[in-house]
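Participant: Provide a 3D model corresponding to the input given below.
(4 chains, ligands or ions: 4)
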Amino acid sequence: MDLNLDKLRAGTYYILKELKSNISGNLGMALISTLTITLAMIIIGLFMISYANFKRIEAKLSSYVKVHVYLSDKLSQEEIDKLIDKIKEHPEVIDVTFIPKDKVFKRVFEGLDIKLKRKLVYNPMPNLLEVSISSSERIEDVVNYISKLKGVEDIEYWQKYFKALRKIIDALKKAFSLVTFLILVASVFIISNTIRLTILARHREIRIMQLIGAAHWFIKTPLVLEGMLISTVGSLLAILLLNLIYIRIYKWFSNTATLLSLLSPSGLYKLWITLLLGSVVIGAIGSYLSLENSLRELERKEGT
Amino acid sequence: MDLNLDKLRAGTYYILKELKSNISGNLGMALISTLTITLAMIIIGLFMISYANFKRIEAKLSSYVKVHVYLSDKLSQEEIDKLIDKIKEHPEVIDVTFIPKDKVFKRVFEGLDIKLKRKLVYNPMPNLLEVSISSSERIEDVVNYISKLKGVEDIEYWQKYFKALRKIIDALKKAFSLVTFLILVASVFIISNTIRLTILARHREIRIMQLIGAAHWFIKTPLVLEGMLISTVGSLLAILLLNLIYIRIYKWFSNTATLLSLLSPSGLYKLWITLLLGSVVIGAIGSYLSLENSLRELERKEGT
Amino acid sequence: MALLEFNEVSYIYPNGLKAISNLSLKIDRGEFVFLIGHTGAGKTTLLKLIHREIVPTEGTIFFDNVDISTIPWSQVPYYRRKIGVVFQDLKLLNYKTAFENVAYALEITCLPPKKVIWRVPRLLKNVGLWEKRNFFPDELSGGEQQRLAIARAIANDPLVLLADEPTGNLDWDTAEKIMEIFLEINRRGTTVIMSTHNLELVRKYKKRTIKLSRGYLIDDYIP
Amino acid sequence: MALLEFNEVSYIYPNGLKAISNLSLKIDRGEFVFLIGHTGAGKTTLLKLIHREIVPTEGTIFFDNVDISTIPWSQVPYYRRKIGVVFQDLKLLNYKTAFENVAYALEITCLPPKKVIWRVPRLLKNVGLWEKRNFFPDELSGGEQQRLAIARAIANDPLVLLADEPTGNLDWDTAEKIMEIFLEINRRGTTVIMSTHNLELVRKYKKRTIKLSRGYLIDDYIP
Ligand SMILES: Nc1ncnc2c1ncn2[C@@H]1O[C@H](COP(=O)(O)OP(=O)(O)OP(=O)(O)O)[C@@H](O)[C@H]1O
Ligand SMILES: Nc1ncnc2c1ncn2[C@@H]1O[C@H](COP(=O)(O)OP(=O)(O)OP(=O)(O)O)[C@@H](O)[C@H]1O
Ligand SMILES: [Mg+2]
Ligand SMILES: [Mg+2]
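Facilitator: Numbering: from 1, shown residues only, chains lettered A, B, ... in the order given. Ligands and ions are numbered 1, 2, ... in the order given. Take a look at the predicted model:
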């Protein structure tokens, strides 16, 4: 038992030593592949940041969603209250506010910002319910539901006029998700390819180690660790750069577009952690797989 | 002279032969680096397509820009005509239409889609001029200009209510340009790094060729051609894939968002040509530079 | 029982070349064997077979009564550690110094670092490379590289030493010194199989000599 | 004038090791010179200096009355083509077959393909590798690789042939055949400088012999 622990300790030590000598022996390659991974990670990072902010803006826009329900003049206050309760039953509905016809009139013209110096003889406007709903995506549902209720004269919603815009946003969103996904996959492949290239370039050394009698784990572990280290350093560099870039964009955004608040730079730490862990995993898997490939190919040559 | 021509012919033949044997001798590396370049090119391509379409959508949105100018009731028809001429003088103004107050009233309520069964005793609306302008970006200019004219009671423009949205779009546009630029740079580096890795892996062979007495151009040319070939094939693959993806997106967009027409797939050929030429140039430069590096390093070792 | 037993072994390279033909052979524990034959006779191929770098196309090879073709892939490294090899093309690790190249052969067995540090200098001094311990292989002369490969091969006190042309780049004096080292570890129990073109060495040391020609065993004698 | 003239040449490797010390030497056109000395004596370094793989730290080397240190970087390849080299570590191109390795040495001079196809078989047959023309270097035995390197070195009918231990992996018979080839091209005017540990060859062929020891020229005689 004691001996095995000694062996374990020695093995760990040698593997770390090997890792160090691998890197210093192939410094050029290590640097170039680290740089490549940094770049791929920057691409991923830019996308993830964009995606997070896109989601946020989307959510903001959605929060403006209100449905205006114009009521028949025939309804009594009691009936109106009942109607409000019914509307509130819909799961997407967050809040319902009653707006009397006087205010509606004022609002319509104020809302249009036309200075109306003249007085009207009587108010042509109906009473109004302002219904807040949780997401713009389900708006048609809600409208459908409400329009079937008794006493509803007409329904108006902001989105209606911007159905085209809404569709554009939806389409953009889907296209954006698709592109993000594709780019993510591409970058992951780029990273694992880069590590593959560095391992391919060391075929000769690996073969020699096999022939001297190094166990598979003894050969593999330092190289897998190297792949992980390269992609970790690569992604740390990427995170650093992304952070710098993002802080710039953030500052500049808060100056020019006050209404549009981006995620604060400090709020991105989760993203950074995800990137880091992701790159470590990719590095490990990439190098492990290509090593398995290399070792198996050499095995095949052995005729076994 | 005749001999030199012979030499030239022989040299060309050998270089092409060398190119072939380089690739078949390093097939694994060639494939992996081609794939990496394909992926980087896909990233670039997706961005360039997105950018082109973004510009297009932006332009479309801008074309909707109209400014409503509410006129004082005191103006005579003659004065109104003068005002229209003055407005038309502004370079950004494309067209001006006069809308009498009756129509304005109808429009406001129709536009809001409120069924107005009741009649008004008199029309509270002013007369209106509808001014089409060439670009949403210069709208503030035009508004400023018009508001200073005599007889203008108020100015309303669609964008006003969506100033926030407008700012979002502007900000997005700038962020998008920045991201596109960064990703372009990153991808270019990834491509040239990949080629660098394949050349680094051939240090030994290059040294041997030098020692046998191969001239620099004789060593370099096939390797530069290889870099170009790899990046050309890589980008051709990318173009193929991008085209397939884009046709899908295009079809699916035309189904779901009829109002939003994307660039037609056949309209992208210029982009494809740009990508192809770009990758050839990157491949050439990338491999040339790293070869220069390698050769110079070997030279340094020689002590010269 | 013999340590090493070839039973009608043939080996055909993937490109179709038959390098070993119907070879039967027994080598006992503790023997010293010279392997001779013209260039291309199959000496290196024979050593590769013992080292299980390749497995016979026909026939079987027993090592310590185990058919080495049946050793599973994961156990091959442990088998190979019993065998020290001086490769004809040396196969030194270019990114490691002379010291590290020898140390690596010990490290793979997870020998504690202290013992490695204690043993490597002795090995390097043995082959006269102690002053060059921090040189990388391509900073060594051909003969020095060869001696480094020898130091590595004997580092683990192997059961069998396969030396493929270990004196090809050495002058006669150095070759004799190397022979002394081989004889010494042979005396301590290691079986040594050494391929060589240097017939003077063969004549001088008078050990069992196996002669190959075009893949056939054509002579096996003790002078 | 001598073809090759060393004037008090010293060479110190970047790691500080002095491999050649204050060496003066003249070799005439058409000479055949053996270079001997213990391992690490500086033979390979001397040949590297002639081949301009390295340039002297001190002193000058004249080749055909030109100080080779002054040859500009872009002209070095053309200088090297005058010199055929059998490298001690062979330096074969692994991704090329035996045929292609030899052909490459001709192709770099832009010799028309027809002439290449006519000349390579003759060279390969000369060293007995014609049947192995489609083998890659790592499919050849050690001796075969060495013969391939020799075929490549003499492919261009060089002015000077530098052969660094060209018989280290060859049996006596094959070594003698190679010596015949060298003597033949020497008769046709090529200056041959051959480093070797095989004193029997030196004794047999009775040519000018230069002996190095620790970087110093200690003997230069014609037996
Ligand atoms: N990897 C290989 N693939 C195909 N053929 C090979 C391979 N290695 C060696 N050969 C061929 O097998 C034969 C025997 O080669 P081997 O290396 O065993 O010879 P050897 O006796 O060691 O010769 P040398 O003294 O020159 O080293 C040779 O004809 C050689 O061309
Ligand atoms: N690239 C190098 N960097 C540093 N030192 C070197 C280098 N190459 C050789 N040496 C050292 O220079 C000395 C002479 O080496 P050289 O290769 O010339 O010897 P050699 O006479 O060819 O020996 P051998 O017969 O073993 O080939 C040796 O001590 C060697 O360790
Ligand atoms: Mg051999
Ligand atoms: Mg030497």
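Participant: rest of the way, CA atoms for contacts and neighbours
Facilitator: OK.
Participant: Show me where the chain has its helices.
Facilitator: Answering for chain A, as no chain was given. Ranges of helices in chain A, per DSSP state H, are A:2-25, A:27-63, A:77-89, A:101-112, A:139-147, A:158-161, A:163-200, A:203-212, A:216-256, A:269-302.
Participant: wait, I meant chain C there
Facilitator: Per DSSP H, chain C carries helices over the ranges C:43-50, C:76-81, C:98-107, C:113-126, C:142-154, C:172-187, C:199-205.
Participant: Give the other helices and strands that the second one contacts.
Facilitator: Packing contacts for helix C:76-81, counted by 3 or more CA pairs under 8 Å, 6 or more residues apart in numbering or on different chains; DSSP states H and E, involve helix A:203-212.
Participant: The helix it packs on packs against which elements?
Facilitator: Using 3+ CA pairs under 8 Å, 6+ apart: helix A:203-212 touches helix A:216-256, helix C:76-81.
Participant: want to throw those helices into JSON lines with mean neighbour count, distance to ligand 3 and mean pLDDT?
Facilitator: Listed next are those as JSON lines, based on neighbours: other CA atoms under 10 Å in any protein chain shown; distance: least, CA to the ion, whole Å; pLDDT from 0 to 100:
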{"stretch": "helix A:216-256", "mean neighbour count": "20", "distance to ligand 3": "27", "mean pLDDT": "88"}
{"stretch": "helix C:76-81", "mean neighbour count": "20", "distance to ligand 3": "19", "mean pLDDT": "94"}
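Participant: CSV please, covering these and showing distance to B:I212.
Facilitator: Formatted as CSV, those follow (distance: least, CA to CA, whole Å):
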stretch, distance to B:I212
helix A:216-256, 34
helix C:76-81, 38
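Participant: Using TSV, lay out the ones you listed together with distance to ligand 2.
Facilitator: Shown next, in TSV, are the helices and strands packed on helix A:203-212 (distance: least, CA to the nearest ligand atom, whole Å):
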stretch	distance to ligand 2
helix A:216-256	28
helix C:76-81	28
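Participant: And those: which comes nearest D:E100?
Facilitator: helix A:216-256 (34.2 Å; CA to CA).
Participant: could you give the angle of that closest one to helix A:269-302?
Facilitator: Helix A:216-256 and helix A:269-302 meet at an angle of 150 degrees, taking axes from the mean of the first three to the mean of the last three CA atoms, to 10 degrees as the criterion.
Participant: related to what we said a few turns ago, as JSON lines, the helices of chain C with distance to B:V143 would be great.
Facilitator: Output for the helices of chain C, formatted as JSON lines (distance: least, CA to CA, whole Å):
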{"stretch": "helix C:43-50", "distance to B:V143": "89"}
{"stretch": "helix C:76-81", "distance to B:V143": "83"}
{"stretch": "helix C:98-107", "distance to B:V143": "79"}
{"stretch": "helix C:113-126", "distance to B:V143": "82"}
{"stretch": "helix C:142-154", "distance to B:V143": "85"}
{"stretch": "helix C:172-187", "distance to B:V143": "98"}
{"stretch": "helix C:199-205", "distance to B:V143": "105"}
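Participant: Worst mean pLDDT across the helices and strands of chain A, which element?
Facilitator: helix A:158-161 (a mean of 49; mean pLDDT, DSSP states H and E).
Participant: show me what contacts A:Q210?
Facilitator: Taking CA atoms under 8 Å, 6 or more residues apart in numbering or on different chains, we find A:Q210 in contact with A:H216, A:I219, C:P77.
Participant: so who does the last one touch?
Facilitator: Looking back up the chat, that one is C:P77. By CA under 8 Å, 6+ apart, the neighbours of C:P77 are A:Q210, A:L211, A:I212, A:G213, A:A214, A:A215, A:H216.
Participant: In terms of residue numbering, what are the domains of chain A?
Facilitator: A:5-61+A:164-303, A:66-157 (automatic domain parsing).
Participant: deepest of those domains, which one?
Facilitator: Looking across the domains of chain A with neighbours counted as mean count of other CA atoms under 10 Å in any protein chain shown, the highest average goes to domain A:5-61+A:164-303: a mean of 19.
Participant: So which bits of chain C are right by ligand 1?
Facilitator: C:Y13, C:N15, C:L17, C:A19, C:H38, C:T39, C:G40, C:A41, C:G42, C:K43, C:T44, C:T45 (CA under 6 Å from any ligand atom).
Participant: Return a PyMOL selection command for the buried portion of the residues you listed.
Facilitator: With 16 or more other CA atoms under 10 Å in any protein chain shown as the criterion, this PyMOL line picks the buried residues out of the residues of chain C next to ligand 1:
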select buried, chain C and resi 19+38+39+40+41+42+43+44+45
